[in-house]
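> Next come a sequence and a model predicted from it.
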4 protein chains.
Amino acid sequence: MLSSEEEEQLKQACIQAKSNSYSPYSKFRVGASFLFSNGEIVKGANVENASYPAGICAERSAIAIAVNQGLLATESIKAVGVTSDTDNVVSPCGICRQTIREFANLDTPIYMWTSSGAVTVRTLEELLPLSFGPDNLA
Amino acid sequence: MLSSEEEEQLKQACIQAKSNSYSPYSKFRVGASFLFSNGEIVKGANVENASYPAGICAERSAIAIAVNQGLLATESIKAVGVTSDTDNVVSPCGICRQTIREFANLDTPIYMWTSSGAVTVRTLEELLPLSFGPDNLA
Amino acid sequence: MLSSEEEEQLKQACIQAKSNSYSPYSKFRVGASFLFSNGEIVKGANVENASYPAGICAERSAIAIAVNQGLLATESIKAVGVTSDTDNVVSPCGICRQTIREFANLDTPIYMWTSSGAVTVRTLEELLPLSFGPDNLA
Amino acid sequence: MLSSEEEEQLKQACIQAKSNSYSPYSKFRVGASFLFSNGEIVKGANVENASYPAGICAERSAIAIAVNQGLLATESIKAVGVTSDTDNVVSPCGICRQTIREFANLDTPIYMWTSSGAVTVRTLEELLPLSFGPDNLA
Ligand SMILES: [Zn+2]
Ligand SMILES: [Zn+2]
Ligand SMILES: [Zn+2]
Ligand SMILES: [Zn+2]
């Protein structure tokens, strides 16, 4: 698990990420963040499209950023965070759980913060049990 | 839960569905089937694309078919089935779990058959706990 | 090109398709139809999702239906139609053009009807010139 | 149009982007780059997934990166570049054209380089004529 300092950094990255959200259709801003084994944090917001299925969720934006920084080639994912502007728990959607599955270990903790700061934590395996992954295609 | 006759029908529909799979890129045929409250069964296979992200999974094909038959406007989903050509458990990917989530109750059973016929059953909630759904946008 | 009777059938199929649209998020109903070489018409509507990128456009629904009827294994696509509830020309989005590209010849006509019935026709190649397709991966 | 220096920078960014490609399934590396009005260049590679439809194309990775740097809120897209490892012209797929459409002007030039360096240039409108965009939902 994370130190309280790491957890706070992950949370603040999520909150900051939201400010870059492009969500004119849903008006639903989401911010995500990934903490890597070397201490780096990468954050992302959702990027919508007039053709809704062409949109990119916050968690997938962050993964794209991390891959393109070369981070995922050398570092492992230590924790994932996500938040929105609502006071309900907003969890990664199924597409995002699948995307995280490609790159993270099953025991990676995923922190979900409500807008008032309450946290819910689940491992990736808890959010996507019995998952379909790279091994299925090998 | 399903009667053994219903379960067998759902399984056979999955197996038949695979014969329509268009999967020249992955060579990974998947068949899915949905049993509705009126006894109807709808089945679908995966439809791939040279631009991989434009592909449509088997479960999503079947949902599209059911919506377009008007079934989802009047009937409820009683059970979901999925199978492939491998002898491992192949579960719905995250996108498909999310798609099923839009239309099915959380306690809907999802049957996963290996190619040799062994079955694993989980409810939708077990496969997509703490899900993001329509309520989150209300 | 189509006979006026075929064109009318394709148009009516699009209009009927819309009635099955599941679009609670955009409130934007789209209906699509495909005419096959054997005279069969397949139609589809858009199927949205609370996680917007998991949605399926009308044209992609129709393609999924056709593949799963085994039509695309034996028949060719003679024409495509699309309509919505607005009086502007609504064309297939880029994802849909890419999906049609996988299965149709480049000279396939695509008919786009406004809600008042005005038609615009373009070939697939005109809508997706210099396309990325199966040949690129061969 | 671009100066020859800008064009060379855009091309080199595409080539460098490819080195971060995560494409174990297609083995098809793609690199994309965007030049912004302030001179900044953002680059991205494709990020695939065992569930193929969950993958993210190179152009969409780059757009996600640019949005998340706040670039698209203040700067405009001056040009787009894309390249792969093959000696054919590889153009943006339909999903990517749709994604670029959301953020770029229709006269934005898109440069496509083969692996041996031959360039083909088209405007966004030439690659996605009669496009579906934000105006259609207004
Ligand atoms: Zn998501
Ligand atoms: Zn799937
Ligand atoms: Zn579309
Ligand atoms: Zn693409």
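That came in fine, so what should we check first? Since the structure is predicted, the reported quantities are computational estimates derived from the model, not experimental observations. Ligands and ions are numbered 1, 2, ... in the order given.

> near chain D, which residues of chain A?
A:17, A:19-20, A:22, A:24-25, A:43-45, A:47-51, A:54, A:56, A:60-65, A:67-70, A:72-73, A:95, A:98-99, A:101-102, A:132-134, A:136-137 (C-beta under 8 Å from any C-beta of the partner chain). (Glycine included, C-beta is placed from N, CA and C.)

> next one: phi and psi at A:V47?
Main-chain torsions, A:V47, degrees, to the nearest 10: phi -130, psi 100.

> any idea how far the closest residue in space to it that isn't next to it in sequence lies from ligand 4?
Spatial nearest neighbour of A:V47, excluding adjacent residues (C-beta to C-beta, 6 or more residues apart in numbering or on different chains): A:I56 at 4.4 Å. Between A:I56 and ligand 4 the distance is 12 Å, computed by C-beta to the ion, to the nearest Å.

> what's the residue closest to the geometric middle of chain A?
With distances taken as C-alpha atoms, centre = their mean, A:E59 lies nearest the centre of chain A, 3.6 Å away.

> So what touches the helix or strand in which that one is found?
Element membership for A:E59 (DSSP states H and E) is helix A:58-68. Defining contact as C-beta atoms under 8 Å, 6 or more residues apart in numbering or on different chains, one finds that helix A:58-68 is touched by A:17, A:21, A:30-34, A:36, A:42-47, A:56, A:72, A:80, A:82, A:92, A:95-96, A:99-100, A:103, D:17, D:20, D:22, D:43-45, D:47, D:56, D:60-62, D:64-65, D:67-68.

> what's around the residue in chain A that ligand 4 sits nearest to, how many residues?
Nearest residue of chain A to ligand 4, counting by C-beta to the ion: A:A54, 9.6 Å away. Neighbourhood size, A:A54 [other C-beta atoms under 10 Å in any protein chain shown]: 28.

> contacting residues for it?
Contact analysis of A:A54 by C-beta under 8 Å, 6+ apart lists C:P53, C:C93, C:G94, C:I95, D:I95, D:Q98, D:T99, D:E102.

> How is the fifth one assigned, secondary-structure-wise?
Read it as D:I95. helix (DSSP: H, G, I helix; E, B strand; the rest coil).

> Now do the closest residue to ligand 3 within chain A, the pLDDT please.
For chain A and ligand 3, the shortest gap (C-beta to the ion) falls at A:S51, measuring 5.2 Å. Here, the pLDDT recorded for A:S51 equals 98.

> Close to chain C: what parts of chain A are there?
Residues of chain A lying close to chain C by C-beta under 8 Å from any C-beta are A:25-26, A:48, A:50-57, A:93-95.

> right, is the longest helix anywhere in chain A up against chain B?
Ranked by residue count, the top helix of chain A under DSSP state H comes out as helix A:4-18. No - Helix A:4-18 is not in contact with chain B by C-beta under 8 Å from any C-beta; minimum separation 15.4 Å.

> Following that helix in sequence, what is the next regular element?
Heading C-terminal from helix A:4-18, the first helix or strand you meet, by DSSP H and E, is strand A:30-36.

> And the residue nearest to A:V47, how close does it get to C:L106?
Using C-beta to C-beta, to the nearest Å, A:I56 is found at 29 Å from C:L106.

> Between these two, tell me which one has more neighbours.
A:I56 (29 against 14).

> got a list of what that one touches?
A:I56 makes contact with A:N46, A:V47, A:A64, C:P53, D:I56, D:R60, D:I63, D:A64, according to C-beta under 8 Å, 6+ apart.

> Smallest gap between chain A and ligand 2, at which residue?
Closest point on chain A to ligand 2, by C-beta to the ion, is A:F132, at 7.2 Å.

> Look at that residue and give its secondary structure.
Of the three states, A:F132 takes coil according to three-state DSSP.

> With adjacent residues omitted, what lies nearest to it?
Using C-beta to C-beta, 6+ apart, the closest residue to A:F132 is B:C93 (4.5 Å).

> Equivalent analysis for A:G31, please.
Leaving aside its sequence neighbours, A:G31 sits nearest to A:A17 (C-beta to C-beta, 6+ apart; 3.3 Å).

> Now do the one you found, the pLDDT please.
98.

> do you know how far A:R60 is from A:V47?
Taking C-beta to C-beta as the criterion, A:R60 is separated from A:V47 by 9 Å.

> before we move on, the earlier item: helix or strand right after the helix holding A:E59?
Immediately after helix A:58-68, counting by DSSP H and E, sits helix A:71-74.

> The helix or strand just after that next one: partners in the sheet, and parallel or antiparallel?
Scanning forward in sequence from helix A:71-74 by DSSP H and E, the next helix or strand is strand A:77-84. Looking at strand A:77-84 with DSSP bridges, its partner strands are strand A:30-36 (antiparallel), strand A:109-113 (parallel).
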